[in-house]
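Fold the following for me, if possible:
(4 chains)
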There are 4 protein chains.
Amino acid sequence: MKNKIKVTVWNENRHETHDGIIRKKRAGDDACRMHYPQGMHAAIKAALDLDGSFEVDCAWLDKDDEHGLSEEVLANTDVLFWWGHCAHGEVKDEVVDRIQKRVLEGMGLVVIHSGHKSKIFMRLMGTSCDLLYRVAAEKERVWVVEKAHPIAEGLPAYFELPHTEMYGERFEIPAPKDTVFISWYEGGEVFRSGLTFERGYGRIFYFAPGHEAYPIFHDKNVQRVLCNAAKWCAPRYRSSYGCKCMEPLEELKSRGE
Amino acid sequence: MKNKIKVTVWNENRHETHDGIIRKKRAGDDACRMHYPQGMHAAIKAALDLDGSFEVDCAWLDKDDEHGLSEEVLANTDVLFWWGHCAHGEVKDEVVDRIQKRVLEGMGLVVIHSGHKSKIFMRLMGTSCDLLYRVAAEKERVWVVEKAHPIAEGLPAYFELPHTEMYGERFEIPAPKDTVFISWYEGGEVFRSGLTFERGYGRIFYFAPGHEAYPIFHDKNVQRVLCNAAKWCAPRYRSSYGCKCMEPLEELKSRGE
Amino acid sequence: MKNKIKVTVWNENRHETHDGIIRKKRAGDDACRMHYPQGMHAAIKAALDLDGSFEVDCAWLDKDDEHGLSEEVLANTDVLFWWGHCAHGEVKDEVVDRIQKRVLEGMGLVVIHSGHKSKIFMRLMGTSCDLLYRVAAEKERVWVVEKAHPIAEGLPAYFELPHTEMYGERFEIPAPKDTVFISWYEGGEVFRSGLTFERGYGRIFYFAPGHEAYPIFHDKNVQRVLCNAAKWCAPRYRSSYGCKCMEPLEELKSRGE
Amino acid sequence: MKNKIKVTVWNENRHETHDGIIRKKRAGDDACRMHYPQGMHAAIKAALDLDGSFEVDCAWLDKDDEHGLSEEVLANTDVLFWWGHCAHGEVKDEVVDRIQKRVLEGMGLVVIHSGHKSKIFMRLMGTSCDLLYRVAAEKERVWVVEKAHPIAEGLPAYFELPHTEMYGERFEIPAPKDTVFISWYEGGEVFRSGLTFERGYGRIFYFAPGHEAYPIFHDKNVQRVLCNAAKWCAPRYRSSYGCKCMEPLEELKSRGE
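Purely as a prediction, here's the structure:
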């Protein structure tokens, strides 16, 4: 067990839990509950569990007053998955600070679909992360552009999602390290749908598929991508946990001012 | 006149000039002659001439025994355009050596469409430059991904070509410097269709549209791209012409071995 | 005059203005006042003025309650220069928001020396921007790595600063677009000292030289770099001023949800 | 044994084997024989053997008329190490073709020191690969710039080589994927001394240290780099051996022309 990669799957969990009154029902809620009766986080966890390489916990916005992401939880997380949509603004800034710090120290981060407008992703990118979108249940074909990238391992030349939300360019992000996937949409758009970034000692993967209203997390190829991404994002210095700096900066600085 | 950018448009010019016997007729030849009665190079020259920023000459495979690309011609070229397809193998290696040397010294290079398999492009890339293709007169929609890039100046968010050859990923090239355009194809593929590279002091732009059998070089947006590309690829050290090294390397080396 | 690039030089202006009581005197203050009796911003403005391509204004932390950077000032700025050091924390978050928004819209940003820890630079980078440092008046030799980059235009293969603060790797930034300069320090360190980034439609240049206690802004090569950087960072869509989005995103989105 | 990474260490092996008459003695030969009585390839092999992760064979220029690099040898090589210097021109073009093909298929390549001017490296880069140099037995300090990169695993913030050949910028290569190391030299130069590239499905690492006249391959940190590099460059699709294309390109193309 000790060598497993520790994953925390974070889900906003609001599409799944509206009561129609305090939390107004939104488009996609019914479909979301139908496809993910235990929540999208449970479906993502199930996919990761099947692989056998991970030790997976879940957290969500209303889990506790730190959204289930205490210092301790994050200190024990190798890779954090992030799904958010309608409540990005409710995520507390101090929790975002904490996540950013952990990413810079080496924790991996997998940001899915509408997480592109989450505080943590925008914070790490420094840009608006805006994009084009359209919900019309159209077909998406995900092309593997970097076939030799570990995140593409085991995938065919392309795979299809029969019904999806369209995400289109211009995606307002800094230039990615690798463009692993580019998606084609039935309606005429293209999107860089699988992107890697490095920030500090942490690796980040953004993956476009994952709309709440379609059974996308039940798709075998999507599940494969999520497992590959968790492996690729895992910290490369596991022995350094608890250590803020991976270089003896303080020592070196002491020669100075 | 003295400040104009000197462009040499090189075209294989074989689709336009087959006699049916010595040079076997190929698919696309008739359409090519119909759309480009003076040759594709003439259409590209006309587009550049209209802009007013360029002094344009043309060269082609059978122009003379150096393919119209003597040392002198290249020494007087700021930006070389390259269109080739069925006779890549007939381009002499010493001419390719000469072009590569000039690019490394700072000459710009605009490689169009099937030029992806030309000796000079493969030489500068170091890879196979293979891709997926299909000739089925389908629609291509070219999306502008880097809106602020000079090569995209004046273009709309996307533009369409009603009939084109499909070029699809995986395009076997090194990671580009900028992915300016990504194309969507009716049949379900995507392609990084406008790419920049830097090699030595020279800038290179690869542009996918430009099949011989369709009137693509008469399209206003394509013409805009070609003019923008010629400006972007123009050498940044015009005063350095004739100088092989732009750094005083010899002097510095003399401190050495 | 109308075609000049509008530059606003922002300087913290605290080393120059301490009174020893309310604002405690810091190491470097006396040397700073000696080398820059009108402030570092005045020296930078003088260097830009000499070039003839710029219309230059200055702003500083205590200029007014917006640090001299009102909406109107920023709307009329093509390129913002940023020098800060001991009072990064005093820059108001709403001003930082405003600058970030303008950079993403296309305004250029030149960040100098200790500005690496400014709120605006860290915001745009998403990382800690930490580095190694030592103040020991040692020699720095700035090597031009990308000789053909416009920011290196007119520079020799390298130039030297006889006395400087050492800045060393690991510089905690995202991978830059271009590494224009790498510096060598007498004491044994190296530093990527001239770096470009693109965020949204804006260009960013980070330049390491510029310590307050040495006459670095009076150096001809440094002045050349600052002028080149201002030109390189100038927006590429001057006609788009006042327009938030450079793509018709709203229109495109209206096809959607 | 079956899971070990198969490494072939290729050494020109001429500094080690001159007879003073047919092969003229060159500067560095005596020192090379002293430090590497069995040849530099033997020292590199010994370092890799100690790690326990590799199955290592050696080849050299005069081993047989294919320089020890037959089709069969290369088909059984996961990672090829390359050391060459005074006889780059004697490497047969058909062997270079063969190596390039294997790299594009996924074989790793580690190019050491003066291998920067080898046919295979220049072929894969597409540029001159020129650099500045000086043999003056000076000190080199190798700084780790990408601390989290697998090639830097286990290294300190920097390490030193007391006597080395200086290699300086501008190194005429395409932009690397990662700049893992930057070296500082006693005489005042800097050099990007550890660089990664990807070409086709293959990974390439260039490492500057390794001059024939100094005991550099006996240095523990250098040995660590070589082992790390061999692991990083190992093909990511071991099951695909013998398969030219890793994507079903032929099948996809058959939909086409």
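
make it CA atoms for all contacts and neighbour counts henceforth
Noted.

So which bits of chain A are right by chain B?
For chain A, the contact set with chain B under CA under 8 Å from any CA of the partner chain comprises A:141, A:143-147, A:169-171, A:182-186, A:188-190.

Let's see which of the residues you listed end up in strands.
A:141, A:143, A:144, A:182, A:183, A:184, A:185, A:190 (DSSP state E).

in chain A, which segments are predicted with low confidence?
Where chain A drops to pLDDT under 70, the residues are A:1-2, A:237-257.

the strands in it, which residues?
Under DSSP E, chain A gives strands at A:5-11, A:54-60, A:79-83, A:108-112, A:132-144, A:158-168, A:178-185, A:190-199, A:202-207.

For residue D:7, which of these is the nearest?
strand A:178-185 (27.1 Å; CA to CA).

chain center to the closest one, what's the gap?
16 Å (CA atoms, centre = their mean, to the nearest Å).

How about stretch A:150-169?
Using CA atoms, centre = their mean, the offset of stretch A:150-169 from its chain centre is 15 Å.

Bridged to the residue most central in space within chain A, which residues?
For chain A, the residue nearest the mean C-alpha position is residue A:111 (2.0 Å; CA atoms, centre = their mean). For residue A:111, the beta-bridge partners under DSSP bridges are residue A:82, residue A:206.

I'd assumed residue A:79 was in contact with it.
No. Residue A:111 sits out of contact with residue A:79 when judged by CA atoms under 8 Å, with a separation of 10.6 Å.

could I get the ones in strands among the residues of chain A next to chain B as JSON lines with neighbour count and distance to chain C?
What follows is those, written out as JSON lines (neighbours: other CA atoms under 10 Å in any protein chain shown; distance: CA to the nearest CA, whole Å):
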{"residue": "A:141", "neighbour count": "21", "distance to chain C": "19"}
{"residue": "A:143", "neighbour count": "28", "distance to chain C": "23"}
{"residue": "A:144", "neighbour count": "26", "distance to chain C": "23"}
{"residue": "A:182", "neighbour count": "25", "distance to chain C": "20"}
{"residue": "A:183", "neighbour count": "28", "distance to chain C": "18"}
{"residue": "A:184", "neighbour count": "30", "distance to chain C": "17"}
{"residue": "A:185", "neighbour count": "26", "distance to chain C": "13"}
{"residue": "A:190", "neighbour count": "31", "distance to chain C": "13"}
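
now for those, which pair is the farthest apart?
Longest span within these, CA to CA: A:144 and A:185, 14.5 Å.

residue ranges of the helices in the stretch 1-150 of chain A, please?
A:29-35, A:40-51, A:71-75, A:93-105, A:119-125 (DSSP state H, counting those that start in this stretch).

which helices and strands does the fourth one pack with?
Helices and strands touching helix A:93-105, by 3 or more CA pairs under 8 Å, 6 or more residues apart in numbering or on different chains; DSSP states H and E, are helix A:71-75, helix A:119-125, strand A:202-207.

and among the ones you listed, the most buried is which?
A comparison of those by mean neighbour count, using mean count of other CA atoms under 10 Å in any protein chain shown, puts strand A:202-207 on top with a mean of 26.

and the stretch 1-150 of chain A, which residues reach chain C?
A:104, A:123, A:124, A:125, A:126, A:127, A:128, A:132, A:133, A:134, A:135, A:136.

Which among those count as buried?
In terms of neighbour count (16 or more other CA atoms under 10 Å in any protein chain shown), the buried residues within the residues of the stretch 1-150 of chain A next to chain C are A:104, A:123, A:124, A:125, A:126, A:127, A:128, A:132, A:133, A:134.

wait, the last one sits on residue A:165?
Read that as residue A:134. Yes. Counting by CA under 8 Å, residue A:134 does reach residue A:165; the two are 5.9 Å apart.

now the residue of the stretch 151-257 of chain A found nearest chain D, nearest residue through space, not along the chain?
Chain D sits closest to residue A:201 of the stretch 151-257 of chain A, with a gap of 5.6 Å, by CA to the nearest CA. Once flanking residues are discounted, residue A:201 sits nearest to residue A:106: 4.3 Å by CA to CA, 6 or more residues apart in numbering or on different chains.

so how many other residues sit close to residue A:234?
Residue A:234 has 23 neighbouring residues, counting by other CA atoms under 10 Å in any protein chain shown.

actually residue A:97, not the one I wrote
With other CA under 10 Å as criterion, residue A:97 counts 14.

and if you look at residue A:21?
Count around residue A:21 with other CA under 10 Å applied: 7.

Residue A:151 too?
Using other CA under 10 Å, residue A:151 is surrounded by 26 other residues.

wait, isn't it in contact with residue A:232?
Yes. In this structure residue A:151 lies within contact range of residue A:232 using CA under 8 Å: 6.7 Å.

Which strand residues bridge the closest residue to chain C within the stretch 51-200 of chain A?
Using CA to the nearest CA, the single residue of the stretch 51-200 of chain A nearest to chain C is residue A:134, 3.8 Å away. Per DSSP bridges, the residues bridged to residue A:134 are residue A:166.
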